Structure formats: C-alpha cells, structure tokens
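[1] sequence first, then the predicted structure:
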Amino acid sequence: MNAPSEKLVHDARVLVTDVEELLKATATQTGEKVIAARARLQAGLASAKETVSLQTRQAVQATDHFVHENPWKAAGISAGAAAGIGLLIGLLLGKR
C-alpha cells in the first residue's frame, strides 16, 4: 500500500471517529438547528460507512478474481505486502 492511500484511510478513520464523538457529545442538545445538523451528520456518516463497505467488498472481489486468474503472480506477492493489505481490509471491515 502506498503512503497516500494509507494517509487517506487513516484520515477517513479519524473523521468517522470525530463525527461519532460529536454526535455523542450533542445527544442531549436541543433546538431545531442542532437536531437538523445531527440528522445530516448521521445520514452522511451512514452513507460514508456504506460507501467504504461497498468499496472494500469490490476490492476483495477484484483481488479474488486476480488471484484466480494469476495464481503464480499472486503467490509471488511478498508476505509484508499481503499482510498490509489484509490489515487494511480487516480495519475497514471492522469499522462496519
């Protein structure tokens, strides 16, 4: 995995965590604007999680297809790269 992709994944996870904390912190707040903002944040967060989940499933399917079409190339991938990819997918799936 290259550095920009790792940073993007890290930044997305931080953003999701921050939004979840904000939603928890404002749970007792009232007022029309606060309630509307919370609803928009919750909807956006749900949409973002679904998008990440869908993209993760697509990446898993593409990887599976590649491995079946190119078994010798797949076997040649270094253990470090494979472990990194597995960790990333595990992190993304674990956030669902």
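    Alright, I've got the coordinates.
[2] report how many residues lie close to residue 85.
    Using other C-beta atoms under 10 Å, residue 85 has 14 neighbouring residues. Any C-beta I mention is one placed from the backbone N, CA and C, and that applies to glycine too.
[3] again, but for residue 67
    Other residues close to residue 67 by other C-beta under 10 Å number 13.
[4] swap in the one 4 residues further on?
    Using other C-beta under 10 Å, the number of residues around residue 71 comes to 10.
[5] one more: residue 92?
    Counted with other C-beta under 10 Å, residues neighbouring residue 92 total 20.
[6] name the residues that touch the helix or strand where it lies?
    Assessed by DSSP states H and E, residue 92 sits inside helix 79-94. Helix 79-94 is contacted by residues 1, 6, 9, 13, 52, 53, 56, 59, 60, 63 when judged by C-beta atoms under 8 Å, 6 or more residues apart in numbering.
[7] could you list the low-pLDDT ranges of the chain?
    Low-confidence segments of the chain, defined by pLDDT under 70: 1-6, 72, 74-80, 82, 95-96.
[8] show me the longest helix that occurs in it.
    Across the chain, the helix with the greatest residue count (assigned by DSSP state H) is helix 32-69.
[9] which of the contacts of helix 79-94 are buried?
    52, 56 (16 or more other C-beta atoms under 10 Å).
[10] which two from the contacts of helix 79-94 end up farthest apart in space?
    For those, the maximum inter-member distance is 20.8 Å, found between 13 and 63 (C-beta to C-beta).
[11] mind checking how far residue 10 is from residue 91?
    10 Å (C-beta to C-beta, to the nearest Å).
[12] likewise for residue 83?
    Applying C-beta to C-beta to residue 83 and residue 91 gives a distance of 12 Å.
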